[in-house]
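J.: 3D model of this:
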Amino acid sequence: MEKSGIKIIAENRKARFNYSIEDQYEAGMVLSGTEVKSLRMGKANLTDSYAKIQNHEVFAHLINIHAYPFAHYDNHDPLRPRKLLLHKHEIRRLYAKANEKGYSLIPLRLYFKNGKVKMTLALAKGKHLYDKRETIKQREGKRDLDRIRKAYT
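T.: Next up, the predicted model:
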């Protein structure tokens, strides 16, 4: 999916299944040179990642940006916490909401926008098992309807 100036690096597809998304924010990231080079190669994984607010700053944890294969020394730690760049009022709003019971900060997407690495950060509430079953049921119903529609056209 390539829009004007946007190139998607990685997506957290399980997040929409495991969480109901309340709000989304676009954040920049503080990265080292080898991390950016590795991201340009598409070597990133957002599975099981989350964000935390510490000392009025937002940090993303467990984002796996693989080591850059052509850097023989001074390579980065693949799982280090990375600082996210947001406005103060956005951080205050996220801090107030994230401290409520059941809410989490989940990275949804990692992408390049006009040459800069950006992340879509979601304020999400965890789904219960019965909510997940309902999502599966709706998805299968939609798939069946599409199959029937295609057969009649």
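
J.: List the contacts of the biggest helix by length in the chain.
T.: Counting by DSSP state H, the longest helix found in the chain is helix 129-152. Taking contacts as Cβ atoms under 8 Å, 6 or more residues apart in numbering, the residues outside helix 129-152 that touch it are 17-18, 20, 127. The C-beta positions use only the backbone N, C-alpha and C, and glycine is treated the same way.

J.: hey, where'd the helices end up in the chain?
T.: For the chain, the helices defined by DSSP H cover 13-18, 33-40, 88-98, 129-152.

J.: okay if I get those helices as a markdown table plus distance to residue 112 and mean neighbour count?
T.: Formatted as a markdown table, the helices of the chain follow (distance: least, Cβ to Cβ, whole Å; neighbours: other Cβ atoms under 10 Å):
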| stretch | distance to residue 112 | mean neighbour count |
| --- | --- | --- |
| helix 13-18 | 19 | 15 |
| helix 33-40 | 8 | 18 |
| helix 88-98 | 21 | 14 |
| helix 129-152 | 30 | 10 |
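
J.: Out of these, flag the one nearest residue 106.
T.: Residue 106 lies closest to helix 13-18 among the helices of the chain, at 5.0 Å (Cβ to Cβ).

J.: Tell me how many other residues surround the closest residue to residue 95 other than its chain neighbours.
T.: In this structure, residue 95 finds its nearest non-sequential neighbour in residue 53, 5.0 Å apart by Cβ to Cβ, 6 or more residues apart in numbering. Residue 53 has 17 neighbouring residues, counting by other Cβ atoms under 10 Å.
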